[in-house]
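Asks: Mind looking at a prediction? Sequence and model below.
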Amino acid sequence: MKEWTRREFLKAGIVATGTLAASELLAFDVLNPVADPYGAYPYRGWEPTYRNQWKFDYFGRSAHSVNCTGSCTWRAFVKNGIIFKEEQFADYPEINPKIPVHNPRGCQKGANHKEYVYGAMRTKYPLIRADYPGNNQNRGKGNWRRATWDEALGLIANKIRDTIQSSGPDTVNFYAAIPAKHFITVAGGFRLANLIGATAMSFYDWYCDLPPGSPQTWGVQTDSCESADWFNSKYLILWGANLLETRIPDAHFFTEARMNGTKVVAIFPDYNPVSIHADIHVPVKPGTDALLAMGMVKIIIDNGLHDVPYIKQYTDMPFLVRNDTNRFLRESDMVDGGSDAKFYLWDTVTGKAVLAPGTMGMGPPVDGALTLGAINPALEGTYPVGTLTGNITVSTVFSRLKLKLMAPQYGLASVAAETGLDANLIRQIAIDFATTKPARIIEGAGVNHWFHNDLNNRTEILMLALTGNVGKPGSGWDHYVGQEKIWPEASFFKLAFPLGRPRQRFQNTTLWTYVHADVVSDVDHLYPRTINQYIKESVDNGWMPLWPKGTLDNGRQPKVLFIWGANYINQSKGWNDLTKNLLPKLDLIVDLNFRMDTSALHADVVLPAASMFEKWDLNSTDLHSYIIPFTPVINPLHQSRTDWQIWRSLAAALQATGFSFNDTTAPFSPANPQLRNFSTLLNDFDTMNTHNTNPNIPGDPGPFSLANDKDAAQFMLNQAEETSGMTMDQLVAQPRRFPKTSEAWTSDLKAGEAYHNFQRLVERKRPLGTLVGRQQFYIDHPTYLGVREELPVYKPPVDAPTQGQYPLRWITPHGRWSIHSTWRDAKFQLRMQRGRTVVYLNPKEAANRGLQDNDEVVIFNNHGSEIARLDISSRIPVGMALMYHGWEKFMNTTGWQEVTNVRINPTQLAGGYGQLTFRLNYWGPTGSQKDTRVEIKKKV
Amino acid sequence: MALTNIQKQVRMVFDLNKCLGCQTCTSACKTQWTDRNQGQQYMYWNNVETQPGRGYPKYYDMMGGGWDVKNPTYASGLTEPLSALRFNSPLPKVNESYGAPWEYNYDQVLKTSGGTPTKTQVVPSPDPSGANAYGMNWDEDVATGNYPNAYYFYLPRICNHCTTPACLAACPRKAIYKRQEDGIVLVDQNRCRGFRYCVKGCPYKKTYFNHLENKSQKCIFCYPRRTDSLEATDPQPQLAPTFQSNFCFTQCVGRIRFVGFSGNPAANVNKLIDTWRVALRLHPEWGTEPNLYYIPPLSPPGGGTSTEALGTQNRIPVDVLASMFGDDHLQTHAQRVARIEEIFATLASERAKVAAGGGSELIAILTAHSEADRLQLHLG
């Protein structure tokens, strides 16, 4: 054998052309001479080997129904009836030639859905726990018996009938997550729940994805720009939003914006993946974000960098507050029979208090209602006012804010000390932020999963509003945690709640879990009253619902739980309380699933669902303005059925019971009963409330049949103004941009422009759904006044008195390897990680504990313990242990919620106050988990 | 140096300032080419590694291979490559260097089929524990330096389809060849007898040995996906020309990957490499003349605790980058340092130009409006 030299190699390459005529026929299995492998290789007849591997029979379009906000359209290639390859379709139409396109969209998880179609975790036929009924403590052991559909559905139907008879319909609970990820799949369960009187559970607040500061300040659940608008920002703060890991399909808009001259600031305690592409990394101490924001607010105001005309027009900063009661000055204070929802400004032109236009009491929120006209409100000052009960003084919200900022804790030196940052750095960022426009803050779960998430939200929004950075392209506060908003909202609710939403029992899941898991509060010491007293007040006042009715007084308990399109049991905070107290109360847990996840494993009955590539459905997201379809690229495998068809077959099984009852449990009553006649249930499921009643939607008035999945999807498209006129077949050909937005959105969707939020507020002066009709930073609800949170303030992380001895902050961010628990168990994904559950720790912390990389460790506190492998990384600060969330309990006998607790923040129980009115997934207590401390030791 | 046999050469640029470390490229490759038989399970023709780190396979950059340029520090004074092929380097070991792929006993844990109902722990085999455990992405996000000055970046790697491929030269059966029409390097699966000299010869360790088929296998640049002069009918008539590119390029969701042919001045790869000179090769001192170039990674200043840091300093020491990236094997370390600083200065000034409202061809390319700006094999 000859050794080549590089010189000879190059020479051979140059001279050896044309000397090779050997044909494939001579390619015996002997060492044939190849004079020149460099360019003119004679034996290329083998190349079809790989060509054959790539050949396919056909491809189809589908998507992934996971709560990732991706809404990515994929093509799946099929050969011999088997999906062997997935590829991003990358055919979203362009928005504007000056903005990068949304293509391609996808990630490594989407590329590997086929493992769930064909892997060992796939559910193939109905399963019933072998020792069911009873023996609830034996759940989760994988001990199943195979059942027929008829047997499984009959069991469930009879149990529902018996439970309704013995305990009432409000003890039957339906838990699903994220309609936007698969409208039809979610709507099917809710549709049945609505017909039989069961309770529909929330998810967005429970997952702590709801940013309470958004409904508090703006009166909307949340409204964020599509990611293409990031490209329009000039100053971009990534605040606890790890775009590189959690917004993989969108992250390029930020790296491209940065290349395009946008200044990018990353505020994270750890030097996490998104920080590596920032211009500045701000290593803030965990949980001190609101203090940093308040410190910057003070710098902005002290330097006169706030936008006075903007905040006079679009915020409550000039609104007058009574100095005696700390309540807004209301018309009811001034005029007999005056409104509680009309408020005052101090007009510098006339020198008196005048009613502010555009507040909730001033009439419907129409365009132009916020126009100040001749009024020039004072932004600051204290003024005398004569009320019905005497003379008082009032001062503006802005004056009160400035007073608040004079507290020593908001001084720069103090902020720097507590956030662990350099004072000059804080000052510089504050000034650059206020002077580089448009500026945007993208806030993520890193900030929102704290107990005081509302304060984190409100302080950040305050920075933006003060600088006029809400309502314009490239600006805004954008929160992407969960695929929360549905574009064709009206048709979704029509499909999901045929009897209408007022006739549906809704339940905030945080409160439900807290109460029924018998959680013991560990934050009572922070408040003037106990958390249980706040809960009682809220439920008694009707601010928050709690099913079954009367639970707090008469001890009624939930009995039946359906879980589909979600993994409630795995993801639940306070795992130990859940399993010890709540699950045993349930007589029947049913899980509809295409894979055996932790919830399915802990169920009594598992119904095998079609995978994401085996059904018709629809998917949308906040991150872009298109709607994309699911199609059955292959038929449902084994005995699986689509979720829609499972709900239909359960409706048929319930019909077979011949049951019928008059529902008189709240919100119904003996005087106002709801007849629930199961003998027509399947027909009701298929046709009820399918008439078109919206005059803006042309075409066939119906009624329509929803008997098959594609028709249900088409019904959704037909019955909303945002999608009316689109057909499923058109979407299968190519995703489409929505032509318009509903009132659930705060902006219009304009051709050629990336969607951004609050454009109607600023361009059309249309009031928001808040009490003051503007961005509301002062909330004079008694609860807020009682806990001193009427204005945005900083409150440190909750350190429960029982957790003082645990030195490490327990941080469980979303990561790149899973969408919550989905793909956590996927083999091909795990091979690209360390193969099992890992926890990251700073090298010093590891050394202090005598721990080596990859050691098996125990993570523990007073709530419980978890097992993981150690991953030592200097990107993590001392004092923090970081584990990406979502690990299935069966991956390592433990998950990541054993050490957490369910906590209720009293401000989020408030109701009866303008925008603070319960609505499923829009307003209610969030289930935070970041204020947790742990210790780590080697497992022995 | 003209190599007339190669009519066209694919050239690639990876912009490390856009890499997400998301491994979608890895998955795109894996799920098409190497997930079907056991002999391929450990292979990652495309991988993304956190750097500084041990890479994949572990310590590949210290295993040898490539051309011996007679001076391991590639000092100055070398006017012509005098190298001999270094193919007597050790072979990577499946367990220690690659990490054997894990299997999980879901059947036993999740369902009754064959399992003990009381077992609740998924058991991977082999268990990824112990001192020798390793995997393709073992060092993910494990930074170098001390917090808050820790640093790391992502380095995606595929076969470089080198101009002077050491794997090709090392093959005693001449079963590796470089195609005339596109310059990609392929292992003839009929002729290969699994001698593994290519594995030893490739300093990037981008050929892999399939112990079940007894053949070496590597990145094929997805040639069946592209219009191929050998076979008129590729099995993808419905794909637009821009998507007739390799999976790892079309699927790159960070949009970091540019591909085109050398010699076409309209191709953005050539503008980035030759006109704007912002892209460098990985370890050019190994002498194989890779056709994959990288735009070196910027990084925020260290510490974040001082306004001094608000300037333009990068926390990744330029020495670290210069030890990895350069133009060719003739360059000294100091020259590499200067080149990297020059690239960073170019990026800074073009960014500033655009921020001030001006236009920049470079920024327009890097922000890559559409797929047609990145995937340009159709330009010929």
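Replies: Sure thing, it's come through.
Asks: Which residues are in contact with A:Asn448?
Replies: Going by CB atoms under 8 Å, 6 or more residues apart in numbering or on different chains, A:Asn448 touches A:208-209, A:211, A:240, A:456-457, A:479, A:481, A:926. Where C-beta positions appear, they are placed from N, C-alpha and C, glycine not excepted.
Asks: Then A:Tyr383 would be within a strand, right?
Replies: Yes. Assessed by DSSP: H, G, I helix; E, B strand; the rest coil, A:Tyr383 belongs to a strand.
Asks: element containing the closest residue to it other than its chain neighbours?
Replies: Among residues not flanking A:Tyr383 along the chain, A:Trp346 sits closest, at 5.1 Å (CB to CB, 6 or more residues apart in numbering or on different chains). If you go by DSSP states H and E, A:Trp346 is part of strand A:344-347.
Asks: For that strand, name the packing helices and strands.
Replies: With contacts taken as 3 or more CB pairs under 8 Å, 6 or more residues apart in numbering or on different chains; DSSP states H and E, strand A:344-347 sits against strand A:320-322, strand A:352-355, strand A:390-396.
Asks: Ok, which of the ones you listed comes nearest chain B?
Replies: strand A:390-396 (34.0 Å; CB to the nearest CB).
Asks: Mind giving me the packing neighbours of the helix or strand following that closest one?
Replies: As assigned by DSSP H and E, the chain's next helix or strand after strand A:390-396 is helix A:397-405. In this structure, helix A:397-405 makes packing contacts with helix A:289-302, judged by 3+ CB pairs under 8 Å, 6+ apart.
Asks: For the helix it packs on, which helices and strands make contact with it?
Replies: Under the contact definition 3+ CB pairs under 8 Å, 6+ apart, helix A:289-302 sits against helix A:397-405, helix A:412-419, helix A:423-435, helix A:453-466.
Asks: and whichever helix or strand comes after the third one, how far from the chain's centre?
Replies: This means helix A:423-435. With elements assigned by DSSP H and E, the helix or strand that comes after helix A:423-435 is strand A:439-443. Chain-centre distance of strand A:439-443: 17 Å, with CA atoms, centre = their mean, to the nearest Å.
Asks: what does the average pLDDT come to for strand A:439-443?
Replies: Across strand A:439-443, the average pLDDT comes to 98.
Asks: can you count the residues close to the nearest residue to B:Leu20 once chain neighbours are set aside?
Replies: Closest residue to B:Leu20 apart from its sequence neighbours, by CB to CB, 6+ apart: B:Gly254 at 4.2 Å. B:Gly254 has 27 neighbours, counted by other CB atoms under 10 Å in any protein chain shown.
Asks: near chain B, which residues of the stretch 551-700 of chain A show up?
Replies: Within the stretch 551-700 of chain A, the positions adjacent to chain B are A:596, A:601 by CB under 8 Å from any CB of the partner chain.
Asks: tell me the contacts of the residue of the stretch 551-700 of chain A found nearest chain B?
Replies: Nearest residue of the stretch 551-700 of chain A to chain B (CB to the nearest CB) works out as A:Met596 at 4.0 Å. A:Met596 is in contact with A:121-123, A:606, B:106, B:110-111, counting by CB under 8 Å, 6+ apart.
Asks: Which residues are in contact with A:Met880?
Replies: Taking CB under 8 Å, 6+ apart, we find A:Met880 in contact with A:269-270, A:286, A:808-809, A:811, A:842.
Asks: mind checking pLDDT for it?
Replies: So A:Met880 comes in at 96 (pLDDT).
Asks: hmm, back to that, neighbours around the residue nearest to the residue of the stretch 551-700 of chain A closest to chain B when sequence neighbours are not counted, how many?
Replies: In space, and not counting its chain neighbours, A:Met596 is closest to B:Leu110: 4.0 Å by CB to CB, 6+ apart. For B:Leu110, the neighbour count with other CB under 10 Å is 29.
Asks: what about stretch A:767-778, distance to the chain center?
Replies: 24 Å.
Asks: Not counting its own residues, what contacts it?
Replies: With CB under 8 Å, 6+ apart as the test, stretch A:767-778 has contacts from A:216-220, A:314-317, A:319, A:321, A:328, A:341, A:343, A:356-360, A:362, A:365, A:369-370, A:397, A:400-401, A:458, A:461-462, A:465, A:470, A:746, A:758, A:761, A:790-792, A:913-915.
Asks: excluding its backbone neighbours, what's nearest whichever residue of the stretch 1-150 of chain A sits closest to chain B?
Replies: Residue of the stretch 1-150 of chain A nearest chain B, by CB to the nearest CB: A:Gly39 (2.9 Å). Among residues not flanking A:Gly39 along the chain, B:Asn5 sits closest, at 2.9 Å (CB to CB, 6+ apart).
Asks: any idea whether that neighbour is helix, strand or coil?
Replies: Following three-state DSSP, the label given to B:Asn5 is coil.
Asks: any idea how far it lies from A:Tyr38?
Replies: Applying CB to CB, to the nearest Å, the value for B:Asn5 to A:Tyr38 is 6 Å.
Asks: which of these two has more neighbours?
Replies: Comparing B:Asn5 with A:Tyr38 by other CB under 10 Å, the one with more neighbours is A:Tyr38, at 30 against 20.
Asks: Torsion angles phi and psi at the residue positioned nearest the centre of chain B?
Replies: Central residue check for chain B by CA atoms, centre = their mean: the C-alpha nearest the mean position is that of B:Arg157, 1.4 Å away. Note on B:Arg157: its backbone torsions stand at phi -140, psi 130 [degrees, to the nearest 10].
Asks: Tell me which residues touch the nearest residue to it once chain neighbours are set aside, please.
Replies: Using CB to CB, 6+ apart and skipping residues adjacent in sequence, the residue nearest B:Arg157 is B:Asn47, 5.7 Å away. For B:Asn47, the contact set (CB under 8 Å, 6+ apart) comprises B:26, B:56, B:136-137, B:156-157.
Asks: Swap in 7 Å and give it another go.
Replies: For B:Asn47, the contacting residues are B:26, B:56, B:136, B:157, by CB atoms under 7 Å, 6 or more residues apart in numbering or on different chains.
Asks: And A:Leu552, by the same measure?
Replies: For A:Leu552, the contact set (CB under 7 Å, 6+ apart) comprises A:536, A:539, A:546.
Asks: and these, which are buried?
Replies: Neighbour counting by 16 or more other CB atoms under 10 Å in any protein chain shown classes A:536, A:539, A:546 among these as buried.
Asks: closest to A:Thr246 among these?
Replies: Nearest to A:Thr246 out of the buried ones among the contacts of A:Leu552 is A:Leu546 (CB to CB; 32.5 Å).
Asks: Listing request: residues of chain B with sub-threshold pLDDT.
Replies: Where chain B drops to pLDDT under 70, the residues are B:1-4, B:69-84, B:87, B:112-120, B:227-243, B:304-312.
Asks: Just the ones of the contacts of stretch A:767-778 in strands?
Replies: Secondary structure assignment (DSSP state E) places A:Val321 from the contacts of stretch A:767-778 within strands.
Asks: Using neighbour counts, trim the contacts of stretch A:767-778 to the buried set.
Replies: For those, a burial check counting by 16+ other CB under 10 Å picks out A:216-220, A:314-317, A:319, A:321, A:328, A:341, A:343, A:356-360, A:362, A:365, A:369-370, A:397, A:400-401, A:458, A:461-462, A:465, A:470, A:746, A:758, A:761, A:790-792, A:913-915.
Asks: returning to what we had before: among the helices and strands packed on strand A:344-347, which is the most enclosed?
Replies: Highest mean neighbour count of those: strand A:320-322, a mean of 24 (counted as mean count of other CB atoms under 10 Å in any protein chain shown).
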